[in-house]
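> I need the structure of the sequence given here:
(one chain, ligands or ions: 1)
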Amino acid sequence: MSGAFIVFEGADGAGKSSLCRRIADDLSAKGISVSLTAEPTHEGIGAFIRSGDAGNISQRTEALLFVADRNDHTENIRRMVSEGKVVLCDRYFASTVAYQSAKLDGDASDRDWLIGINSQFIDEPDAIILLDIDPQVGMGRVGTRGEEISKFERLDFQNQVRANYLRLAEEYGFDVIDASQSQDDVYAQAMEIIGKVIG
Ligand code: TMP
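As a prediction, the model looks like this:
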């Protein structure tokens, strides 16, 4: 079987990570070779971003770190796809555009800059699945998971992130799933999209 590169996107609490795990388990059970991966990665630059050790850096430098992590990650993804694996990637370039452009206050030139720096280092996914959810609902989920409220999780910020995602979805033809539905319904719709890609 030939490989595939499938990306999952969404604001915090949209349910991406559990959906990715469920799909990975399901495809593996069907004998399909799957690799579940995420950004920021847990190695090199990604681990550095997650550690918070970068200290007091500018928003542009932070965006460049996400893209640097993506550059190395893309090489790994490309290799896995060429080995025939279905790569399920929890966040990719749209996360930088949606989140960092909200941090840079959504100014059009900043958005163009973010798209531009990404474009040099990314591969085109076979599908980008956006889990769309009202941040009030999504953040409720984050809270019930008992996670620390991070700087990314303020409601107004998440509203901006959601709007940025929906704009990207329209421009780049993402598959949008209403993530306020039951987990089973979201899963079924995601599997239908993936089925069309992997055949
Ligand atoms: P996670 O909750 O999916 O593990 O992602 C960690 C946080 O990193 C999440 O709030 C989104 C943020 N993020 C960005 O701001 N820009 C990026 O490019 C990526 C990949 C993640």
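
> I'd like to know which residues of this structure are adjacent to the ligand.
Applying CB under 6 Å from any ligand atom, we find that the chain lies next to the ligand at 12, 39-40, 66, 90-91, 95-96, 99-100, 152. Using the backbone N, CA and C atoms, a C-beta is placed for each residue, glycine as well.

> Only the buried subset of these, as a PyMOL command please.
Here is the PyMOL selection string for the buried members of the residues of the chain next to the ligand, based on 16 or more other CB atoms under 10 Å:
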select buried, resi 12+39+40+66+90+91+95+96+99+100
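
> Show me which pair in the residues of the chain next to the ligand is furthest apart.
Spatial extent of those (CB to CB) is set by the pair 90 and 100 at 17.4 Å.

> returning to what we had before: tell me which of the residues of the chain next to the ligand fall in helices.
Among these, the ones falling in helices (DSSP state H) are 66, 95.

> can you tell me which of the residues of the chain next to the ligand are in strands?
residue 90 (DSSP state E).

> Tell me, how many residues neighbour the nearest residue in space to residue 10 that is not next to it in sequence?
Once flanking residues are discounted, residue 10 sits nearest to residue 131: 3.6 Å by CB to CB, 6 or more residues apart in numbering. For residue 131, the count of nearby residues is 25 (other CB atoms under 10 Å).

> In the sheet, which residues pair with residue 131? Tell me.
Per DSSP bridges, the residues bridged to residue 131 are residue 177.

> Look up how far the ligand lies from it.
As defined by CB to the nearest ligand atom, to the nearest Å, residue 131 lies at a distance of 11 Å from the ligand.

> ok, that residue - contacts?
Contacts for residue 131 (CB atoms under 8 Å, 6 or more residues apart in numbering) come out as 8-10, 14-16, 19, 177, 179, 186.

> Show me which of the residues you listed is closest to the ligand.
residue 16 (6.6 Å; CB to the nearest ligand atom).

> The closest one contacts residue 8, correct?
Yes - counting by CB atoms under 8 Å, residue 16 does reach residue 8; the two are 4.6 Å apart.

> Touching both of the two, which residues are there?
90-91, 131.

> Take those and write them to a markdown table, including distance to residue 70.
What follows is these, written out as a markdown table (distance: CB to CB, whole Å):
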| residue | distance to residue 70 |
| --- | --- |
| 90 | 13 |
| 91 | 9 |
| 131 | 20 |
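
> just the helices in the chain please.
16-29, 44-51, 59-82, 93-95, 101-103, 108-119, 135-144, 155-172, 183-198.

> tell me the most buried of the ones you listed?
Ranked by mean neighbour count, the helices of the chain are led by helix 93-95 with a mean of 24 (mean count of other CB atoms under 10 Å).

> That helix - what's its average pLDDT?
The predicted model assigns helix 93-95 a mean pLDDT of 98.

> which residues are in contact with it?
7, 9, 39, 66, 70, 118, 122, 128, 130, 165, 168, 172, 174.

> so what does the lowest-mean-pLDDT helix or strand in the chain touch, helix or strand wise?
Sorting the helices and strands of the chain by mean pLDDT, DSSP states H and E puts helix 135-144 at the bottom, at a mean of 75. Packing partners of helix 135-144 (3 or more CB pairs under 8 Å, 6 or more residues apart in numbering; DSSP states H and E): helix 155-172.
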